[in-house]
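What would the 3D arrangement of this be:
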Amino acid sequence: MTYVEGFVLAVPANAKDAYREHAADAVALFKEFGVRRHVECWGDDVPVGKVNDFRTAVQAKEGEEIVFSWFEYPDRAARDAATAKMMSDPRMQAMGAAMPFDGQRMIVAGFTSIVEEGLGGSMGYTDGFLVAVPAANRDAYRALAEKAAIVFLDHGATRVLECWGDDVPDGKVTDYRRAAHAEADENIVFSWIEWPDKETRVAGWDKIMADDRMRHDPADQCFDGKRMIYGGFAPILDA
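Numbers count the residues shown, from 1 in each chain. As a prediction, the model looks like this:
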């Protein structure tokens, strides 16, 4: 199963082109280190939540937009080897010094995929999610996610990944646990749905919400949906 390093960060809206160029310049280097796929997605439909949301997750300031991004690896061993190379390579140090965003507020963690459905293809839009799930409910969450993934694919999605927190560090300023208001017995899920374009995503969600397969007993909820973070993102790099 795919191993994912997931990132959420705030970037000044006027630095979008600079950020895209910064990420594109890193593609060859990350590939050299072992990254199998590198995706950067710019906030497009990122709602304000009542409890939490992507903006509060990274303490976004006025004039900043949210980036939802990830690296894909074949396994954790490949990710750990890549991380070791990144930490010691002087080219990474130079790249870090030129970042067009506040890296102290970026949140990053390693996740192992527990649901991976769909063949993917050209991605024109993605829905990104963060959710805190009780560790004891991992199997129940996976079963629920597997059923939902099939519905998403039936209504136009091309790929769905649900990834369980495996290496989720505490941060000095922000981190995933604070973002999701996670409790002591909860773990973090980082997930996304890939769509061919935004139009398919919008039409797909209307059908998904009306699909009887998505109905369930509210009392049989394996996580607190009020603390789930979600948003729609347009890819600016998919390498």
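
list the helices and strands the helix or strand of the chain with the lowest mean pLDDT packs on?
Ranking every helix and strand in the chain by mean pLDDT, DSSP states H and E puts helix 90-97 at the bottom, with a mean of 89. Contacting helix 90-97 under the criterion 3 or more CB pairs under 8 Å, 6 or more residues apart in numbering; DSSP states H and E are the following elements: helix 16-33. Where C-beta positions appear, they are placed from N, C-alpha and C, glycine not excepted.

What are the contacting residues of the helix it packs on?
The list of residues contacting helix 16-33 from outside it, by CB atoms under 8 Å, 6 or more residues apart in numbering, reads 11, 38, 40, 42, 65, 67, 69, 71, 81-82, 85-86, 89, 91-92, 95, 98-101, 236-237, 239.

The next helix or strand after that helix pairs with which strands, and in what direction?
Where DSSP states H and E defines the elements, the next helix or strand beyond helix 16-33 is strand 37-45. Strand 37-45 sits in its sheet next to strand 64-73 (antiparallel), strand 229-238 (antiparallel), going by DSSP bridges.

pLDDT (mean, whole number) over stretch 130-143?
On average, the pLDDT along stretch 130-143 is 97.

What are the buried residues along it?
Within stretch 130-143, the residues scored as buried using 16 or more other CB atoms under 10 Å are 130-134, 137, 141-142.

Return the distance of it from the chain's centre.
16 Å (CA atoms, centre = their mean, to the nearest Å).

who touches it?
Stretch 130-143 is contacted by residues 8, 54, 57, 114-115, 162, 164, 176-177, 179-183, 185-191, 222-225, 227-230 when judged by CB under 8 Å, 6+ apart.

cutoff 6 Å now
114, 180, 182, 185-187, 189, 222-223, 227-229 (CB atoms under 6 Å, 6 or more residues apart in numbering).
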